[in-house]
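Undergrad: Next come a sequence and a model predicted from it.
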Amino acid sequence: MFYLKRILQAIPTLIGVTLITFTLFYLVGGDPAFQLAGKHASPELINEVRSQLGTDRPIHHQYLSFLTKSLACDWGYSWQTNQKVNHMILSALLPTISLTVPAFFIALLISILISLASINLKTSEQISWINHLCLLFMSVSLLVYIIIAQYFLAYRWNLFPVGGWSHGWSNLSFLLLPWLIWIFVSIGPNVLLLRKLFLQEQDKDYIKTARAKGLRDSTARWRHILSNSSPTIVTLISMQLPFLITGSLLLESFFSIPGMGSILIDAIQSSDLPVIQAITVLGSLIYITLNILCDFVYSFLDPRVALK
Amino acid sequence: MIRCLYLLFLVLMGCTRSELSNEIVIHSFLDANVPHLDPIHSTNKYSSTINSAIFEGLYSYHYFKTPLELQPSLAETLPIISADRKTYTITLKKGVLFQDDPAFPDGKGRELVADDVVFSWKRLADPTNKALGWWVFDDLIVGLNTWRDLLRRGKASYATPVQGLKVIDRYTLQIQLTRPSHNFIHILAMPPTMVVAPEVVRAYGKEIVNHPVGTGPFALKNWTRNSKVELEKNPNYRPAFFPNEGWDESQFPSAKNYAGKPLPLADKVIVSIFRETQPLWLSFLKGDLDHGSIPKENVNQVFSGDKLSPFFEKQGLRILTQHRPDVTYITFNMEHSVLGAHKDLRKALAHALDKQVILDKFYNSRGLVAHGPIPPGIDGYDPQYENRLDYDLEKAKNLLAQAGFPGGQGLPVFDYQMPNVSSWSRQFSEYLKEEWGKIGVKIKLEANTWPQFDKKLKTKQASIFDMAWMADYPDSENFLQLFYSRNISPGPNNANFINRHYDDLYLKAQKLPPGYERNQVFKQMVEFINEEVPSIFLIHRFFRLPFHPWLKNYNETPLVYDYYKYLTIDLNEKKKIKSTLKKP
């Protein structure tokens, strides 16, 4: 019943997303017919292109057609590349996921380890050090990390390829440096958040009582603090997962990874509505699905959370 | 553990290098994605470069000669043109084979014939294809526009003949034009007119954009969209040879070693897509790319003055100076009630800009100050000609007063539309704001994405804006049509300049054969435009393109897209130099 309710709730959300995407495109997206008619366009040619694209139809017809396509999960062909939109997305999804998902989970794991290891720091100097380090990592932009890492690690010291993409497992060599950068950038904010979360958990009475009764420190950390903080960690993951699908545009651009970020930017720059629509709807769908999944995981991790 | 991981890493690195030691592989690049591989949509550098390696048109340009010189490609000879210059008869080379593909019987490419050319051009006209290159034939071939209309209405098919496209025999084609055109032969060298095979188009349907099959020197081996295009030598390629003459000995000292050799010279071409300048530059410095591009922030590192810096000189770096057949310009919307009505105001704005400063500051001195729309290297360009719109603030102020706006009083604030949101565009428009502010003219800067900018131009909503025009074909007419009244927005005349006298000159020039008389008419048109000032011409750009000494015959020239077949690598030199490349 709970899940049915959540699914039903998702419908107006999805309709809202499609409406916003559609409206925004017509307000600021330019006119795709101008793009497709080229620099030697004539009014007749532009009208012809509009008629072929269907952008000369009443706006509500266009919106309904977009909804129908979204329901069927078939957005037809890209106006810019003439490729099948679904095929474009599917072929970009693997490089993006290969880049973002492992990097995200490795960063999360390292952050959890550092945060758990640092909750017992005693002196204010040690605490200040870890906070300052996290803030330093956070305050430098991703672009700076990329430029520096690419220059020194890939070019000067020749430890990694500068960029590129190949087939199958050989892509691992192209992914190592972007992963490293992603992990480096993510650790700062993750540790600040997780450490605070673990400290709050550590201050709770049941931990103090357990420790007073002689519970080992490691057991307290791993079995109680981590386990009881897991719903919040799941929330953190669920909030970031949709962004793992849409990719990291900067990393993809600098390392020539043919992922979702690149096709989204190309689509925006060329008023390619079918691609924009497909990515937005799929992104929202994934977000909603992951939210429902998270609710399920909450109830699994903490039976006190009743799904009503 | 770490050692094991590092070993694994090295093994993985090794997996990506599949080149055989004696195989000649060109490592090239493009700085934007290749959207599709179908010649009918080839209207940008990226698609045109790859398509020109896979497909061929009837004509192409000589690789070395400037100004560009047409030469037969799929055609046997240059066309036979009737006295009224309206009928072109072209004979095709015999024995030209399409690349092997499962779409052909037994997977073997068949011979190209005149019917294929007609089919390919009908595809360009077919409205359902939404061909970006259709404009090249629009209203030019007798009956083609009518066929297009009939096809749209379902009253014609590809079997319906077009009056102006006659197949005389298996290898001969006759084309009738609606008007005399001297540029038609240039159009036949443009990528959208390249030839495809009907059975391949039918076999792949809409997926044809992913299955390019032509008669060109290379066939598509692999295409990872947004990342890499791999081309390999076409074993069916017709006999074609490296030119025997035409190069400048001082610039291409080793070209003579390849004279008369069969093309293509290389076995493979790997084209990597770089969206950012830093990785492109670093890959080039590492020797992973054979030629590259210098990011603007590294120009001072590479050059000291006009020469290479000692470090790069020592590395043996080579530079190709590429003159672009283009012009950058600021345009006024002549339909604007104030800008269009006051010639002296437009002249004042032109006199208030120092084009030399613009060249030095915004183009790293890479270019020539423009005195008109026609760039060097194009027939009709006059190197002696100077317009009278020189930098003179006093004159600008006087002209402004003469227009009825002393010190800018009474003038509205004009919107200035930036074509993109780049830092270059912002800095450039800020500079204009400051310079025009000195004579009292105020502008409001508006940043746009390209689609927004394009829409504003084509719907005549922009008052002042800057842009660049790159030749579609090497003829002055392509630049002067920017002010022809039939081309106003949404066409390329974004100034919306309408003038009967100018139109008469334009039509007169269209009827004249290339030569002195036509150039004189072009000169009058340029002078007239500089008198009316619908645009302020700024710079004819040139680019300095770096390449490694092991890359031979590198002469990337705008409009000559089929250059991969002339490139080769001296493998011994590459082995020797690449291992000794130092890092700046």
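TA: It's in.

Undergrad: Any idea how many residues pack against whichever residue of the stretch 1-150 of chain A sits closest to chain B?
TA: Going by Cβ to the nearest Cβ, chain B is nearest to A:Gly30 of the stretch 1-150 of chain A, at 2.5 Å. (C-beta placed from N, C-alpha, C; glycine too.) Neighbours of A:Gly30 under the rule other Cβ atoms under 10 Å in any protein chain shown: 23.

Undergrad: Can you tell me the closest non-neighbouring residue to it?
TA: B:Pro451 (2.5 Å; Cβ to Cβ, 6 or more residues apart in numbering or on different chains).

Undergrad: Which positions in the helix or strand hosting A:Leu113 come out as buried?
TA: Assigned by DSSP states H and E, A:Leu113 falls within helix A:85-118. For helix A:85-118, the neighbour count (16 or more other Cβ atoms under 10 Å in any protein chain shown) marks A:85-86, A:88-89, A:91-92, A:95-96, A:98-100, A:103-104, A:106-108, A:110-112, A:114-116, A:118 as buried.

Undergrad: now stretch A:20-38
TA: So for stretch A:20-38, counting by 16+ other Cβ under 10 Å, buried means A:21-22, A:25, A:29-38.

Undergrad: want to throw the residues you listed into JSON lines with secondary structure and pLDDT?
TA: Converted to JSON lines, the buried residues of stretch A:20-38 look like this (DSSP: H, G, I helix; E, B strand; the rest coil; pLDDT from 0 to 100):
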{"residue": "A:Thr21", "secondary structure": "helix", "pLDDT": "85"}
{"residue": "A:Phe22", "secondary structure": "helix", "pLDDT": "86"}
{"residue": "A:Phe25", "secondary structure": "helix", "pLDDT": "82"}
{"residue": "A:Gly29", "secondary structure": "coil", "pLDDT": "74"}
{"residue": "A:Gly30", "secondary structure": "coil", "pLDDT": "76"}
{"residue": "A:Asp31", "secondary structure": "coil", "pLDDT": "83"}
{"residue": "A:Pro32", "secondary structure": "helix", "pLDDT": "87"}
{"residue": "A:Ala33", "secondary structure": "helix", "pLDDT": "89"}
{"residue": "A:Phe34", "secondary structure": "helix", "pLDDT": "88"}
{"residue": "A:Gln35", "secondary structure": "helix", "pLDDT": "83"}
{"residue": "A:Leu36", "secondary structure": "helix", "pLDDT": "85"}
{"residue": "A:Ala37", "secondary structure": "helix", "pLDDT": "85"}
{"residue": "A:Gly38", "secondary structure": "coil", "pLDDT": "82"}
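
Undergrad: could you give the mean pLDDT of the strand or helix carrying A:Val191?
TA: Assigned by DSSP H and E, A:Val191 belongs to helix A:172-202. Averaged across helix A:172-202, pLDDT comes to 91.

Undergrad: same deal with stretch A:158-169?
TA: On average, stretch A:158-169 scores 89.

Undergrad: and if you look at stretch B:476-489?
TA: In this model, stretch B:476-489 has a mean pLDDT of 95.

Undergrad: Same question for stretch B:109-123.
TA: Here stretch B:109-123 scores 97 as its mean pLDDT.

Undergrad: still on that earlier bit, can you give the contact residues for whichever helix or strand comes after the helix holding A:Val191?
TA: Following helix A:172-202 in sequence order, the next helix or strand is helix A:205-212 (DSSP H and E). By Cβ atoms under 8 Å, 6 or more residues apart in numbering or on different chains, the residues outside helix A:205-212 that reach it are A:201, A:217, A:220, A:224-225.

Undergrad: Compute the inter-axis angle for helix A:205-212 and helix A:172-202.
TA: 90 degrees (axes from the mean of the first three to the mean of the last three Cα atoms, to 10 degrees).

Undergrad: after helix A:205-212 comes which helix or strand?
TA: Sequence order places helix A:217-219 as the next helix or strand after helix A:205-212, per DSSP H and E.

Undergrad: right, and the helix or strand after that following helix?
TA: Remark: after helix A:217-219, the chain's next helix or strand is helix A:226-246, criterion DSSP H and E.

Undergrad: tell me the angle of that following helix relative to helix A:205-212?
TA: 130 degrees.

Undergrad: Give me the average confidence score over helix A:226-246.
TA: pLDDT averaged over helix A:226-246 gives 80.

Undergrad: before we move on, what about stretch B:335-354?
TA: On average, stretch B:335-354 scores 96.

Undergrad: List the contacts of the residue nearest to A:Lys69 when sequence neighbours are not counted.
TA: Leaving out its chain neighbours, the residue that sits closest to A:Lys69 by Cβ to Cβ, 6+ apart is A:Trp75, at 5.3 Å. When contacts are counted by Cβ under 8 Å, 6+ apart, A:Trp75 is found next to A:69, A:85-86, A:274-275, A:277-278.

Undergrad: Now render those as a markdown table, adding secondary structure and pLDDT.
TA: Conversion of these to a markdown table gives the following (three-state DSSP; pLDDT from 0 to 100):
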| residue | secondary structure | pLDDT |
| --- | --- | --- |
| A:Lys69 | helix | 88 |
| A:Val85 | helix | 94 |
| A:Asn86 | helix | 93 |
| A:Pro274 | helix | 91 |
| A:Val275 | helix | 93 |
| A:Gln277 | helix | 89 |
| A:Ala278 | helix | 92 |
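
Undergrad: And the buried ones among these, selectable in ChimeraX?
TA: Filtering the contacts of A:Trp75 down to the buried ones (16+ other Cβ under 10 Å) takes a single ChimeraX command:
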select /A:69,85,86,274,275,277,278
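
Undergrad: just the contacts of A:Trp75 now: which is nearest B:Glu434?
TA: Using Cβ to Cβ, A:Val275 comes nearest to B:Glu434 of the contacts of A:Trp75, at 39.6 Å.

Undergrad: Where does the prediction get shaky in the stretch 1-150 of chain B?
TA: By pLDDT under 70, the low-scoring segments of the stretch 1-150 of chain B are B:1-20.

Undergrad: Go again with 50.
TA: B:14-18 (pLDDT under 50).

Undergrad: Could I get the full set of strands for it?
TA: Along the stretch 1-150 of chain B, counting by DSSP state E, counting those that start in this stretch, strands occupy B:25-30, B:59-61, B:70-72, B:80-81, B:87-91.

Undergrad: got it, and the stretch 151-300 of chain B?
TA: Using DSSP E, counting those that start in this stretch, strands in the stretch 151-300 of chain B cover B:165-169, B:172-176, B:218-224, B:228-233, B:268-273.

Undergrad: Dump the ones you listed to CSV, plus mean pLDDT and mean neighbour count.
TA: As requested, these are arranged in CSV below (pLDDT from 0 to 100; neighbours: other Cβ atoms under 10 Å in any protein chain shown):
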stretch, mean pLDDT, mean neighbour count
strand B:165-169, 97, 16
strand B:172-176, 97, 20
strand B:218-224, 95, 19
strand B:228-233, 96, 21
strand B:268-273, 96, 22
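
Undergrad: so can I have a markdown table of those showing distance to A:Gly261?
TA: Listed next are the strands of the stretch 151-300 of chain B as a markdown table, based on distance: least, Cβ to Cβ, whole Å:
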| stretch | distance to A:Gly261 |
| --- | --- |
| strand B:165-169 | 45 |
| strand B:172-176 | 46 |
| strand B:218-224 | 15 |
| strand B:228-233 | 17 |
| strand B:268-273 | 14 |
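
Undergrad: Any regions of the stretch 251-400 of chain B where pLDDT drops low?
TA: For the stretch 251-400 of chain B, no range has pLDDT under 50.

Undergrad: now with 90?
TA: Along the stretch 251-400 of chain B, the parts satisfying pLDDT under 90 run over B:251, B:275, B:296-301, B:304-307, B:314-316, B:322-323, B:364-366, B:377, B:379-380, B:388.

Undergrad: No further queries at this time; thank you.
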